[in-house]
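# Sequence below, structure please.
(one chain, ligands or ions: 1)
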Amino acid sequence: MELFFSPMACSLASRTVLYEAGADARFTQVDGKAKRTLDGRDYWQINPMGQVPALRTAQGWLLTENAAVLQYLAEAFPAAGLLPPDADARARVRQWLGFIGTELHKAVFVPLLDPKASTDVKAYAMDKAALRLDTLQAHLQQHDHLEGGYGIADIYLAVVLNWAPYAGVDLDAWPAVKAYHRRISQREAVARALREEFALYQEEQRLRAA
Ligand SMILES: N[C@@H](CCC(=O)N[C@@H](CS)C(=O)NCC(=O)O)C(=O)O
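Coordinates of the predicted model:
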């Protein structure tokens, strides 16, 4: 398998799942601005959306979209136990993946983090943040994880919450969310993936500034 990723982007979740599973994979860094892989390939030719994550499967076809890639990896490595076997629980995991992807990642964090977004757009996105984080706060006051045990939805949410300080979202207002983020981030695979990608992110920033 080959995972196309950009440092500290949402593709960090797929890397984390691969680490949790102890899976062998090639990690190909994509310069999200230039839309080129670090080994010189035109990324538009690989993923016409120009986005990460994209996963080249062992069979050679390309899978995109966080929700799909995360479920695919969890199903490819069932021993990691990152997706519950029960159908109702799986449905709720998919509900969370949809919530994280559309309500948090895209509706709140993309505009807040996009330097091209206007002040009005950022204010609109910030306005949306409270209800969504309130919803998480209420759930996480009662539960250690989004659904049952630790799994792919927790991994994706932890990645999105990593962006909060850079987006001007102060998680102190949602203490159960903050504590959950700290707890998930302490897992070995999560911490390793974060540490490695943060170093790659810093290097990317350094090269861009040079
Ligand atoms: N709908 C896609 C969105 C993925 C996405 O937004 N990826 C970001 C990184 S977190 C990206 O590649 N942005 C660059 C771009 O949109 O050009 C998914 O859920 O996988």
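# Would you give the sheet partners of the top strand by length along the chain, along with the direction of each?
In the chain, with assignment by DSSP state E, the single longest strand is strand 26-31. When sheet partners are counted by DSSP bridges, strand 26-31 sits next to strand 2-5 (parallel), strand 36-37 (antiparallel).
# Please state the offset of the first one from the chain centre?
Read that as strand 2-5. Strand 2-5 sits 13 Å away from the centroid of its parent chain (Cα atoms, centre = their mean, to the nearest Å).
# before we move on, what about the shortest one?
What separates the centre of strand 36-37 from the centre of its chain is 20 Å, taken as Cα atoms, centre = their mean.
# what residues does that strand touch?
By Cβ atoms under 8 Å, 6 or more residues apart in numbering, the residues outside strand 36-37 that reach it are 4, 28, 29, 30, 31, 42, 43, 46. For the C-beta atoms, the positions are set from N, CA and C on the backbone; glycine is no exception.
# I'd assumed residue 200 was in contact with the third one.
Yes: using Cβ atoms under 8 Å, residue 29 and residue 200 qualify as a contacting pair, with a distance of 6.6 Å.
# Pick out the residue closest to the middle of the protein.
Against the mean C-alpha coordinate of the chain, by Cα atoms, centre = their mean, the closest residue is residue 10 at 3.2 Å.
# count of residues packed around the residue lying closest to residue 173 once chain neighbours are set aside?
Closest residue in space to residue 173, ignoring its immediate chain neighbours: residue 133 at 7.4 Å, by Cβ to Cβ, 6 or more residues apart in numbering. Neighbours of residue 133 under the rule other Cβ atoms under 10 Å: 21.
# Give the other helices and strands that the helix or strand hosting residue 133 contacts.
Using DSSP states H and E, the element containing residue 133 is helix 119-142. Other helices and strands packing on helix 119-142, by 3 or more Cβ pairs under 8 Å, 6 or more residues apart in numbering; DSSP states H and E, are helix 110-113, helix 175-185.
# The shortest one - what's its average pLDDT?
For helix 110-113, the mean per-residue pLDDT is 98.
# tell me how far that helix is from the chain's mean position?
Put simply, helix 110-113 sits 14 Å off its chain's centre (Cα atoms, centre = their mean).
# buried sites along that helix?
Residues 110, 111, 112 are the ones in helix 110-113 that count as buried (16 or more other Cβ atoms under 10 Å).
# cool, and the last one?
Within helix 175-185, the residues that qualify as buried are 176, 177, 178, 180, 181, 183, 184, counting by 16+ other Cβ under 10 Å.
# still on that earlier bit, now tabulate the strands paired with strand 26-31 in CSV and tack on distance to the ligand and mean pLDDT.
Output for the strands paired with strand 26-31, formatted as CSV (distance: least, Cβ to the nearest ligand atom, whole Å; pLDDT from 0 to 100):
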stretch, distance to the ligand, mean pLDDT
strand 2-5, 9, 98
strand 36-37, 13, 98
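# Can you give me the neighbour number for residue 45?
Using other Cβ under 10 Å, the number of residues around residue 45 comes to 9.
# Now name the helix or strand holding it.
Counting by DSSP H and E, residue 45 is part of helix 43-46.
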